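Trainee: Sequence first, then the predicted structure, then my questions.
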Amino acid sequence: MISPVQRTTERVRVHELKRYDLKVTVSRQESGSTLVQIALGSEVRTLSLSEFTCFWLDMVEISREGTATQLSFLRDPQAKTRKKSA
């Protein structure tokens, strides 16, 4: 199991998965809005909280679809033969 590192200050919360060099920083702005920065290695993206929520839900859905496809492929031995001949 991966144990994330969490650091919190009054306006900023940081979650790190060092194994993947992933850092998610959530910060509250003076205007009251919330920004989320996602850093994977040296690449950083900044999203509003609603954009981040949509992004995360999309990632969950893509992961679910990929897993379902893989399980379906593993269950049906004929699918392997059809894929090779296609």
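Mentor: Right, received. Where do you want to start? This one's a predicted model, so the numbers in the text were calculated from it and none came from an experiment. Residues are numbered from 1 along each chain as shown.

Trainee: Could you name the helices and strands sitting against the longest helix anywhere in the chain?
Mentor: Ranked by number of residues, the top helix in the chain under DSSP state H is helix 49-75. Packing partners of helix 49-75 (3 or more Cβ pairs under 8 Å, 6 or more residues apart in numbering; DSSP states H and E): strand 34-40, helix 77-85. (C-beta placed from N, C-alpha, C; glycine too.)

Trainee: and with 6 Å instead?
Mentor: Counting contacts by 3 or more Cβ pairs under 6 Å, 6 or more residues apart in numbering; DSSP states H and E, helix 49-75 packs against no other helix or strand.

Trainee: mind listing what's buried in that helix?
Mentor: F52 (16 or more other Cβ atoms under 10 Å).

Trainee: Just give me how far that helix sits from the chain centre.
Mentor: 10 Å (Cα atoms, centre = their mean, to the nearest Å).

Trainee: The chain should start at 10 in everything you say after this.
Mentor: Let's use 10 as the start, then, which means that last one is helix 58-84.

Trainee: for the record, mean pLDDT for it?
Mentor: For helix 58-84, mean pLDDT is 92.

Trainee: Can you check what angle separates it from strand 43-49?
Mentor: 40 degrees (axes from the mean of the first three to the mean of the last three Cα atoms, to 10 degrees).

Trainee: Tell me, how many residues neighbour V45?
Mentor: By the criterion of other Cβ atoms under 10 Å, V45 has 20 neighbours.
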